[in-house]
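> Return atomic coordinates for the entry below.
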Amino acid sequence: MAFSEIKGQDRAITILKRAIANGRIANTYLFYGPDGTGKKGIAVNFAKVLNCPNYVDDACDACVSCRKINQGIHPDITLITTEKGEIKIGVIRDIISGMAYQPLEAKKRVIIVDDADKFNLSSSNAFLKTLEEPPLDTVIILVTASPDMLPQTVLSRSHKITFANIQPHIISEILINKFGFSTDNAEFAAYLANGSISRAVSFSTEDVKKVREDVTRVIAGIDGNPGALFDLSDKYTKDENNFYDVLYWFYTYFRDVLIFKSRGNSDLFINKDMKENIFRTNDSMTVERLLYFMDFLKSIYKGQERNMNKQLAMDTAGTKIIGL
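Model prediction:
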């Protein structure tokens, strides 16, 4: 995939192309923004354009370097990912030791750290020394949806590039052309995804649809049973993916209520099919309580990064909702 094939992140791509044109490539970049907005894909493509012998305005995708990077076998391009939810010290030590030598083939060695907020304390300390004095022939790209989880010392040493939510019409186009969605399903999933392509794709699964249906029914009080919130907690906290889906749907529902209070219409709703329920919920909630509850949901997200007890967190959220 070349830059020209990546949709919805023109600003980020323009910044990177300008850096190449001006010969002012930073040693360390921080790509941050919501999940599913193309950060890792653009990082890999940046590695290609930095090393493509045919580069004019984009990677050629045909030379040996581009093809090796596409296949994940280039000896000087490394993608670091998490193992059991964190980036291990052993991986970082291997990377640091490899930096003592010149790149084997590349003009620029590129190290991409996906989910860079998942460093543990040991790996973070070890990598920090590299960020302080990176080799001139090396570009490090930290990719994260949670930059506030990174140490300030890391943030201060990185050139930051923001990735925005992708517009619904672009997501819809991608879902239709790349994933074979029907037009109606693509448009529906694009609005629910809140700017994330990967999230939109996941909406084609029955499991995700079921989680959303359960969450929105409970929040809207369709079942007429306050205890349904705790049943929801018991049902979905055992599976990590489902747990995050529940948090997401809670958050988007209250976000929509907040938008309605602010704008008086549903133009920017994520849950457009839940308009009537959102209108009813609007009558029973103040702005202050909505903001309070959304902040609490964010704190659960961050708490999960630190192994918070999911059942307890969800039960507490249920208590607060009932209190509304």
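> need the helices for the stretch 151-300 of the chain, in chain order.
All helices of the stretch 151-300 of the chain, identified by DSSP state H, counting those that start in this stretch, fall at 152-156, 168-179, 183-192, 197-202, 206-219, 228-236, 240-263, 275-284, 287-305.
> In CSV: those, plus mean pLDDT, mean neighbour count and distance to Asn51.
Heads up, the C-betas are built off the backbone N, CA and C, glycines and all. Putting these into CSV (pLDDT from 0 to 100; neighbours: other C-beta atoms under 10 Å; distance: least, C-beta to C-beta, whole Å) gives the following:
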stretch, mean pLDDT, mean neighbour count, distance to Asn51
helix 152-156, 86, 12, 25
helix 168-179, 89, 18, 26
helix 183-192, 81, 19, 34
helix 197-202, 84, 20, 26
helix 206-219, 81, 17, 38
helix 228-236, 81, 18, 44
helix 240-263, 87, 19, 36
helix 275-284, 86, 14, 49
helix 287-305, 80, 14, 34
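> For Ala100, which of those is the nearest?
helix 152-156 (21.6 Å; C-beta to C-beta).
> CA atoms only for the closest one, dumped as CSV, please.
Extracted C-alpha coordinates of helix 152-156, given in CSV (Å, rounded to 0.1, in the frame of the first residue of the first chain):
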residue,chain,number,x,y,z
GLN,A,152,6.6,12.9,29.8
THR,A,153,10.3,12.2,29.0
VAL,A,154,9.3,10.1,26.0
LEU,A,155,6.7,12.7,24.8
SER,A,156,9.2,15.5,25.0
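> For the helices of the stretch 151-300 of the chain, could you give me a markdown table that also reports distance to Ser65?
Output for the helices of the stretch 151-300 of the chain, formatted as a markdown table (distance: least, C-beta to C-beta, whole Å):
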| stretch | distance to Ser65 |
| --- | --- |
| helix 152-156 | 29 |
| helix 168-179 | 25 |
| helix 183-192 | 35 |
| helix 197-202 | 27 |
| helix 206-219 | 38 |
| helix 228-236 | 45 |
| helix 240-263 | 36 |
| helix 275-284 | 51 |
| helix 287-305 | 36 |
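> closest one to Gly38 among these?
helix 197-202 (7.1 Å).
> If you count contacts, what does that closest one end up packed against?
helix 168-179, helix 183-192 (3 or more C-beta pairs under 8 Å, 6 or more residues apart in numbering; DSSP states H and E).
> which residues in the stretch 1-150 of the chain form helices?
According to DSSP H, counting those that start in this stretch, the helices that the stretch 1-150 of the chain contains are 10-22, 39-51, 64-71, 89-98, 121-132.
> Let's test this: mean pLDDT of the shortest one, rounded?
Helix 64-71 comes out with an average pLDDT of 96.
> orientation of that helix relative to helix 39-51 in degrees?
Helix 64-71 and helix 39-51 are oriented at 160 degrees to each other (axes from the mean of the first three to the mean of the last three C-alpha atoms, to 10 degrees).
> the longest strand in the chain is where?
strand 138-144 (DSSP state E).
> what's the nearest residue to the residue nearest the centre of the chain if we skip its chain neighbours?
For the chain, Asp35 is the residue whose C-alpha lies nearest the centre (C-alpha atoms, centre = their mean; 1.3 Å). Leaving aside its chain neighbours, Asp35 sits nearest to Ala145 (4.7 Å; criterion: C-beta to C-beta, 6 or more residues apart in numbering).
> pretty sure the one you found contacts Phe31?
No - proximity of Ala145 to Phe31 does not meet the contact threshold set by C-beta atoms under 8 Å, at 9.9 Å.
> which other helices and strands contact the longest strand of the chain?
Against strand 138-144 (3+ C-beta pairs under 8 Å, 6+ apart) you get strand 28-32, helix 39-51, strand 109-113.
> Can you give the strand pairings for it, parallel or anti for each?
Here strand 138-144 has these sheet partners by DSSP bridges: strand 28-32 (parallel), strand 109-113 (parallel).
> Compute the inter-axis angle for the first one and helix 121-132.
Going back to what we said before, that points to strand 28-32. 120 degrees.
> residues making contact with strand 28-32?
12, 39-40, 42-43, 46, 116, 131, 134, 139-145, 147, 150, 154-155, 157-163 (C-beta atoms under 8 Å, 6 or more residues apart in numbering).
> Next, the angle helix 10-22 makes with it.
Going by the same axes, to 10 degrees, strand 28-32 makes 170 degrees with helix 10-22.
> Quick check: neighbours shared by Ala145 and Phe31?
Shared contacts of Ala145 and Phe31, counting by C-beta under 8 Å, 6+ apart, come down to Lys39.
> between those two, which one's more packed in?
Using other C-beta atoms under 10 Å, the more surrounded residue of Ala145 and Phe31 is Phe31, with 30 against 19.
> buried ones in stretch 139-154?
139-145, 147, 150, 154 (16 or more other C-beta atoms under 10 Å).
> I'd like those residues laid out as CSV, including distance to Gly180.
What follows is the buried residues of stretch 139-154, written out as CSV (distance: C-beta to C-beta, whole Å):
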residue, distance to Gly180
Val139, 36
Ile140, 37
Ile141, 31
Leu142, 34
Val143, 28
Thr144, 31
Ala145, 27
Pro147, 34
Leu150, 37
Val154, 40
